[in-house]
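A.B. asks: A predicted structure for the sequence below; I have some questions about it.
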Amino acid sequence: MAFTEGFVSELVGRRATIHDQPIGKVADFLVGKPDEVFPHVDGLVIKTAQGLRFAPIETVADVDRDGTVALTVAPSEPAPSEQQKLYLVADLLDKQIVDVDGRKVVRINDIELASAGGRLRVVAADVSLAGLLRRLGLRAFGKRWLSKVANAPRSMIAWDSVAPIRDVNPSQVRLSVKQSRLARLHPSDLAEIIGDLSSREALAVVGQLDDETAADAFEHLDPETRKNLIEDIGTERAADIIEEMDADDAADLLSELPKEQQSQLLAEMNAYTAGELRELVKYPEDTAGGMMTPDYVWIYPHRTTEATIRKIREIAPVSEFIYYLYVLDKEDRLLGTVSLRTLMLALPTAFIERIMETDLVTVGPLEPAVDVASTIAKYDLLAVPVVDDAGKMLGIVTVDDAIDAIMPDEVAKKLPRFRARQRERTMLT
């Protein structure tokens, strides 16, 4: 095939011929496996007097300078349905996509094709004004005008950095969860993208995510957006996503919903998680109880440091916060704390009760969020335990959750990466 590189717009609408006799015009390009890194083109759709016909790419013999496509065999098969193939023009041009590397939503104005590995492949999306002008037949004007514009925005997005937003033909077109480019995004970036989309498009994006990735994004969405998404995705899927969220964030989300909807969602969850969330949702959001999470590591005082380290290795994959260990008795009363640094430096045979810190700083479940944050700052803590009047451990409030509770939303949204780095730096303190 002579057309080894160029843009879809350069051939769409051009004549198709057999032995120099016109038989129709190029209407579209078809892709059979859109989830490949650079998907190959299976063939063309030719608009003929008999209707739309499929011309396999192997039957394209040549492409003249004027764009005329010469075929070796007249296409006889009807064009496949959209459930079988991806139509580059009909399905993608003027459609929104996520630029994974640029972390933004853009619109496709043209698609670049190139020969690679012996096949014609989709290699990039053109999101520039130049791409739009090219499609309108104003390429020469676009070159002259755009050459005078300084700092022209990035225009070509490599296809391996593209995540199409599609809510049609899910069995054939939707990216598989395992390979979804959306999963590469930081949750805060993904949440920002979802917030920029229409409700239908946002629903399509969430539909492409596994429950864990969706849960990470939900934790960064504004309340109104996630409330609408919960209604759109249905109770069963919403419950699956909420179960994957951090308990404190899940409780905050549930508290934003009507009681009846809360009950429906909790009924879809496993009994243990539902019980945890019912306890958390009882507390006002701006209190220690409303901010706390039950995800903490506890140990008994009679354990040795060696046995404790073995336990940490077992639970580390499922526990987010392991910088402090909380020492409890059999009635769950808080006896002391041990930092990870202290644990690592102690002798393997040392008992926890001998190395634990007993001068405890705690807060009650109804302590206002501002006071909790002040306590964490005053004592330079990564987390503060929440206990009831009898000293029973209820949960912990982490420093990032305390910051979120007292900081304006527009500022807090900019800090997740900073906080993640801070956690890494202070892991052994």
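C.D. replies: The structure has been received and is ready for your questions.
A.B. asks: ends of stretch 192-208, how far apart?
C.D. replies: End-to-end distance of stretch 192-208 (Cα to Cα, to the nearest Å): 16 Å.
A.B. asks: shaky segments in the protein?
C.D. replies: 1-3, 137-154, 164, 166-181, 316-320, 408-429 (pLDDT under 70).
A.B. asks: May I see the domains of it written out as residue ranges?
C.D. replies: As given by automatic domain parsing, the domain ranges for the chain are 5-88, 185-282, 291-425.
A.B. asks: so can I have CSV of these showing mean neighbour count?
C.D. replies: (C-beta placed from N, C-alpha, C; glycine too.) Below are the domains of the chain laid out as CSV (neighbours: other Cβ atoms under 10 Å):
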stretch, mean neighbour count
domain 5-88, 17
domain 185-282, 18
domain 291-425, 16
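A.B. asks: Need those domains in a markdown table (columns: distance to residue 98).
C.D. replies: Below are those laid out as a markdown table (distance: least, Cβ to Cβ, whole Å):
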| stretch | distance to residue 98 |
| --- | --- |
| domain 5-88 | 14 |
| domain 185-282 | 6 |
| domain 291-425 | 18 |
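A.B. asks: Those: which one's closest to residue 160?
C.D. replies: Set against residue 160 and scored by Cβ to Cβ, those come closest in domain 5-88, at 4.8 Å.
A.B. asks: roughly how far out does that closest one sit from the chain middle?
C.D. replies: Computed by Cα atoms, centre = their mean, to the nearest Å, the chain-centroid distance of domain 5-88 equals 35 Å.
A.B. asks: so where's the longest strand in this protein?
C.D. replies: Using DSSP state E to define each element, the chain has its longest strand at strand 21-31.
A.B. asks: Tell me which strands that strand pairs with, and in which orientation.
C.D. replies: Strand 21-31 sits in its sheet next to strand 15-18 (antiparallel), strand 41-48 (antiparallel), strand 86-87 (antiparallel), going by DSSP bridges.
A.B. asks: is it possible to export those strands to JSON lines including distance to residue 342?
C.D. replies: What follows is these, written out as JSON lines (distance: least, Cβ to Cβ, whole Å):
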{"stretch": "strand 15-18", "distance to residue 342": "76"}
{"stretch": "strand 41-48", "distance to residue 342": "62"}
{"stretch": "strand 86-87", "distance to residue 342": "57"}
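A.B. asks: first to last residue in stretch 106-125, what's the distance?
C.D. replies: From its first residue to its last, stretch 106-125 covers 10 Å (Cα to Cα).
A.B. asks: ugh, typo on my part, it should be stretch 274-292
C.D. replies: Terminal-residue distance, stretch 274-292 (Cα to Cα): 16 Å.
A.B. asks: Can you pull out the residues in contact with it?
C.D. replies: Contact with stretch 274-292 is made by 242, 247-248, 250-252, 254-255, 262, 266-267, 269, 294, 363-369, 372, 384, 386, 394-397, 401-402, 405, as judged by Cβ atoms under 8 Å, 6 or more residues apart in numbering.
A.B. asks: Could you do stretch 242-253 as well?
C.D. replies: 211-212, 214-215, 218-219, 223, 226, 230, 254, 265, 269-270, 273, 276-277, 280-281, 285, 290-295, 320, 395, 401.
A.B. asks: got it, and stretch 56-67?
C.D. replies: Stretch 56-67 is contacted by residues 1-3, 10-11, 14-15, 41-44, 69-73, 75, 119-120 when judged by Cβ under 8 Å, 6+ apart.
A.B. asks: Dump it to PDB, keeping only the CA atoms.
C.D. replies: What follows is stretch 56-67, C-alpha atoms only, in PDB (Å, rounded to 0.1, in the frame of the first residue of the first chain):
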ATOM      1  CA  PRO A  56      -9.800  -5.300   3.500                       C
ATOM      2  CA  ILE A  57      -6.600  -3.400   3.800                       C
ATOM      3  CA  GLU A  58      -4.800  -6.100   1.700                       C
ATOM      4  CA  THR A  59      -7.000  -5.100  -1.300                       C
ATOM      5  CA  VAL A  60      -5.600  -1.500  -1.300                       C
ATOM      6  CA  ALA A  61      -3.000  -1.500  -4.100                       C
ATOM      7  CA  ASP A  62      -2.100   2.200  -4.300                       C
ATOM      8  CA  VAL A  63      -2.900   5.700  -3.300                       C
ATOM      9  CA  ASP A  64      -2.400   8.400  -5.900                       C
ATOM     10  CA  ARG A  65      -1.100  11.900  -5.100                       C
ATOM     11  CA  ASP A  66      -4.600  13.300  -5.200                       C
ATOM     12  CA  GLY A  67      -5.700  10.700  -2.700                       C
END
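A.B. asks: For residue 74, list the residues it contacts.
C.D. replies: By Cβ under 8 Å, 6+ apart, residue 74 lies in contact with 18, 23.
A.B. asks: Three-state assignment for it, please.
C.D. replies: Here residue 74 is recorded as coil under DSSP: H, G, I helix; E, B strand; the rest coil.
A.B. asks: ok, it to residue 14 distance?
C.D. replies: Distance from residue 74 to residue 14, counting by Cβ to Cβ, to the nearest Å: 17 Å.
A.B. asks: And for residue 130?
C.D. replies: Distance from residue 130 to residue 14, by Cβ to Cβ: 20 Å.
A.B. asks: Quick check: bridge partners of the nearest residue to residue 366 once chain neighbours are set aside?
C.D. replies: Sequence neighbours aside, residue 287 is the residue nearest to residue 366 in space, at 5.2 Å (criterion: Cβ to Cβ, 6 or more residues apart in numbering). With DSSP bridges as the criterion, residue 287 is bridged to residue 368.
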